[in-house]
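Participant: dropping a prediction and its sequence here:
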Amino acid sequence: SKTIKIYFHHNIYDDPWVSSDKEEKMCQRLSGYNFIFVSSLISQKKVLEMFAKYEMYKIPKIIDTGYVKLDYILENYHKEINSPKNSILIAPTDIFGFPELSIKNNLQKIIEILILNTRKNIILRPHPRNKNDIFFRKLQNHFSQNERFFYDESDNYVDTYTKSDLMITDMSGTAYTFAYINLCPTIFFSNSEKYLEENNYSNHKFYLNRNKIGKIIFNENDLIETINGLYRNKEKYKNQIFKLRSEMKYLNKSTKRLIDFFNH
């Protein structure tokens, strides 16, 4: 009963934690914590708004601590981050978390288009919860004979991220993690902007800033033209991503921030 309970949230930005129908129950569970640590003031603001919707008498203190994992990678993987990149990474979110937004049913066609129209290696990295799902295992087997296709089920994503110069995702929060590590862009494949509006997601900075770190597409046929455009303008996106990353108050200071917090 005297334990201080702290929840470190793994998202680097302010994307929704769970679908709308599960949000209140999640807030009730988290109300038993004393503190929630988030990566930025943007995240802090959105989490406070999330709890406010349900008028709970007790909520944790939401603390901006920076993002320890990002700081660690930026400090310890200089060589890998700056090495030549020869891969395109496909990283969908959990297929069961937001099924209305998932690119699950687009993946095979996306991979086929990339293999046919680029010279890059193509890496598919499912959400950790899905890597042994039968759908992804079938997809892995389907492309297993292609020497440029790789199925990444590793626990540590650093190697995969640092060898890739472009990510394709649906609405996974890892898009900003990838961009902030590499200063490389992301393509967001959107299956339903209407769903975002109806669930009040479109006012999240995660969605508002998608065009700052990459491009939004709605059809597989737009993929190659979009990729070529991003590569032509890579310096523009590098600068925009760098600016967004620099807005993190505790960038490269998260360890000190945590030590100071615990000491006080």
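Facilitator: Noted; the coordinates are in hand.

Participant: lowest average confidence, helix or strand, in the chain?
Facilitator: In the chain, no helix or strand scores lower on mean pLDDT, DSSP states H and E than helix 193-198, which sits at a mean of 82.

Participant: list the contacts of that helix.
Facilitator: Glu100, Leu101, Ser190, Tyr201, Ser202, Tyr207, Phe218 (CB atoms under 8 Å, 6 or more residues apart in numbering). In short, each C-beta sits where N, CA and C put it, glycine included.

Participant: correct me, but the third one touches Phe218?
Facilitator: Yes. With the criterion set as CB atoms under 8 Å, Ser190 and Phe218 qualify as a contacting pair; they are 5.6 Å apart.

Participant: point to the residue nearest the middle of the protein.
Facilitator: Nearest to the mean C-alpha position of the chain, by CA atoms, centre = their mean, lies Thr174 at 1.7 Å.

Participant: which residues does it contact?
Facilitator: Contacts of Thr174 by CB under 8 Å, 6+ apart are Ala91, Thr93, Tyr157, Met167.

Participant: who has more neighbours, Ser190 and Phe218?
Facilitator: Ser190 (19 against 12; other CB atoms under 10 Å).

Participant: next one: Asn132 from Glu153, what distance?
Facilitator: 8 Å (CB to CB, to the nearest Å).

Participant: before we move on, what about Lys249?
Facilitator: 34 Å.

Participant: restrict stretch 145-156 to CA atoms and write it as PDB.
Facilitator: Output in PDB follows, covering the C-alpha atoms of stretch 145-156 (Å, rounded to 0.1, in the frame of the first residue of the first chain):
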ATOM      1  CA  GLN A 145      11.800 -16.800 -51.800                       C
ATOM      2  CA  ASN A 146      12.500 -13.200 -52.600                       C
ATOM      3  CA  GLU A 147      16.000 -12.300 -51.600                       C
ATOM      4  CA  ARG A 148      15.100  -8.600 -51.000                       C
ATOM      5  CA  PHE A 149      12.300  -9.400 -48.600                       C
ATOM      6  CA  PHE A 150      13.000  -9.600 -44.800                       C
ATOM      7  CA  TYR A 151      10.700 -10.400 -42.000                       C
ATOM      8  CA  ASP A 152      11.800  -8.700 -38.800                       C
ATOM      9  CA  GLU A 153      10.600 -10.300 -35.600                       C
ATOM     10  CA  SER A 154      13.600  -9.100 -33.400                       C
ATOM     11  CA  ASP A 155      13.000  -7.700 -30.000                       C
ATOM     12  CA  ASN A 156      15.300  -4.700 -30.600                       C
END
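
Participant: how far does it sit from the chain's center?
Facilitator: Chain-centre distance of stretch 145-156: 19 Å, with CA atoms, centre = their mean, to the nearest Å.

Participant: list of residues touching it?
Facilitator: By CB under 8 Å, 6+ apart, the list of residues contacting stretch 145-156 reads 87, 111, 115, 120-126, 128, 131-132, 136, 140, 143-144, 160.

Participant: quick check: next helix or strand after the helix or strand harbouring Lys79?
Facilitator: Assigned by DSSP states H and E, Lys79 belongs to helix 78-81. Proceeding N to C from helix 78-81, the next assigned helix or strand is strand 87-90, under DSSP H and E.

Participant: let me see the mean pLDDT of the helix or strand that that following strand is followed by.
Facilitator: Counting by DSSP H and E, the next helix or strand C-terminal to strand 87-90 is helix 107-117. Average pLDDT, helix 107-117: 97.

Participant: what helices or strands is helix 107-117 leaning on?
Facilitator: Where contact means 3 or more CB pairs under 8 Å, 6 or more residues apart in numbering; DSSP states H and E, helix 107-117 is packed against strand 87-90, strand 121-124, helix 134-142, helix 223-232.
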